[in-house]
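1. got a sequence here, can you model it:
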Amino acid sequence: MPSILDPLVDKQGGIRKSANWYSSTVASLGDKITARKLMSSGKLIGRPSPGRLNMFFYDPKLKKQLPYYDTFPLVLPLETISGGFMGMNFHYLPPLQRFRLLQNLQKFADGGLSSTTKINANYDGIKNISIARKTIKKYLYSHVRSSFLRIDFDEAALAVYLPVQQFKKGSPY
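-> Here you go, the predicted model:
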């Protein structure tokens, strides 16, 4: 099944582009891309894909205590925890900072710019990257409300600009 991001990847032509290019290309879509459309057109899997970005619907266990939370996170899983996983939710950063974080994580990538590339990062490896600290969250499988949408590495730079975050009770920026 084709991904909703395929036309953007085709425009990219397999070449790394600037942050401005990704931002303006995603902006040109207007409101054509939504969380539901992404989920219905992508690579859905039962568990988060390690080394790749993942999107899913989530209902936090402690939402009453949180000042704000994202119900459609864009997460790079870092480690397994009891009943779930710890990961970096890129939505806790503004889009340009998301792109910068993704660039920073390329040092953990196992190859070039392709769909099979994985980011082999773990908590110990990223905890000292200052921009990454506020993105680290824990997710419980019992509070996941959908399958996981796998975002391959060649689509990651586009995905970080998609305006699909769904914050409740406020926003981190």
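2. for the chain, longest strand please?
-> Using DSSP state E, we find that the single longest strand of the chain is strand 74-81.
3. need the contact partners of the next helix or strand after it.
-> Elements were assigned by DSSP states H and E; along the chain past strand 74-81, the next helix or strand is strand 84-89. Identification of contacts with strand 84-89 by CB atoms under 8 Å, 6 or more residues apart in numbering yields 48, 54, 70, 73-80, 101, 123, 126, 132, 135-142. In this view, the C-beta of every residue, glycine as well, is placed from N, C-alpha and C.
4. from Phe99, how far off is Tyr141?
-> Using CB to CB, to the nearest Å, Tyr141 is found at 29 Å from Phe99.
5. report the contact partners of the most centrally placed residue in the chain.
-> With distances taken as CA atoms, centre = their mean, the residue of the chain nearest its centroid is Leu74 (2.8 Å). Going by CB under 8 Å, 6+ apart, Leu74 touches 53-55, 89-91, 98, 151, 159-160, 162, 164-165.
6. quick one: average pLDDT of stretch 132-151?
-> Taken as a whole, stretch 132-151 carries a mean pLDDT of 96.
7. thinking again about what came up before, show me which of Tyr141 and Phe99 is the more surrounded one.
-> When Tyr141 and Phe99 are compared for neighbours, Phe99 comes out ahead with 21 against 11, by other CB atoms under 10 Å.
8. max-length helix in the protein?
-> helix 95-105 (DSSP state H).
9. tell me where this structure has strands.
-> Under DSSP E, the chain gives strands at 43-45, 53-55, 69-70, 74-81, 84-89, 136-140, 148-151, 167-168.
10. starting from the third one, tell me which strands it pairs with and how they run.
-> This means strand 69-70. Strand pairing for strand 69-70, using DSSP bridges, gives strand 167-168 (antiparallel).
11. now swap in the longest one and tell me
-> Here the strand partners of strand 74-81, with direction, are listed using DSSP bridges: strand 53-55 (antiparallel), strand 84-89 (antiparallel).
12. show me what the longest helix of the chain is in contact with.
-> 19, 22-23, 74, 76, 88, 90-91, 93, 119, 121, 126, 129, 131-132, 135, 156-157, 160-161.
13. ok, 6 Å please
-> 19, 90, 119, 121, 129, 131, 156, 160-161 (CB atoms under 6 Å, 6 or more residues apart in numbering).
14. that helix vs strand 84-89, what angle?
-> 120 degrees (axes from the mean of the first three to the mean of the last three CA atoms, to 10 degrees).
15. restricting to C-alpha, output helix 95-105 in PDB.
-> Taking Å, rounded to 0.1, in the frame of the first residue of the first chain, the C-alpha atoms of helix 95-105 are listed here in PDB:
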ATOM      1  CA  PRO A  95       9.400  21.700  13.900                       C
ATOM      2  CA  LEU A  96      12.800  23.300  13.100                       C
ATOM      3  CA  GLN A  97      14.200  21.800  16.400                       C
ATOM      4  CA  ARG A  98      12.700  18.400  15.500                       C
ATOM      5  CA  PHE A  99      14.700  18.600  12.200                       C
ATOM      6  CA  ARG A 100      17.900  19.500  14.100                       C
ATOM      7  CA  LEU A 101      17.400  16.700  16.500                       C
ATOM      8  CA  LEU A 102      16.900  14.300  13.600                       C
ATOM      9  CA  GLN A 103      20.200  15.600  12.100                       C
ATOM     10  CA  ASN A 104      21.900  15.100  15.400                       C
ATOM     11  CA  LEU A 105      20.700  11.500  15.600                       C
END
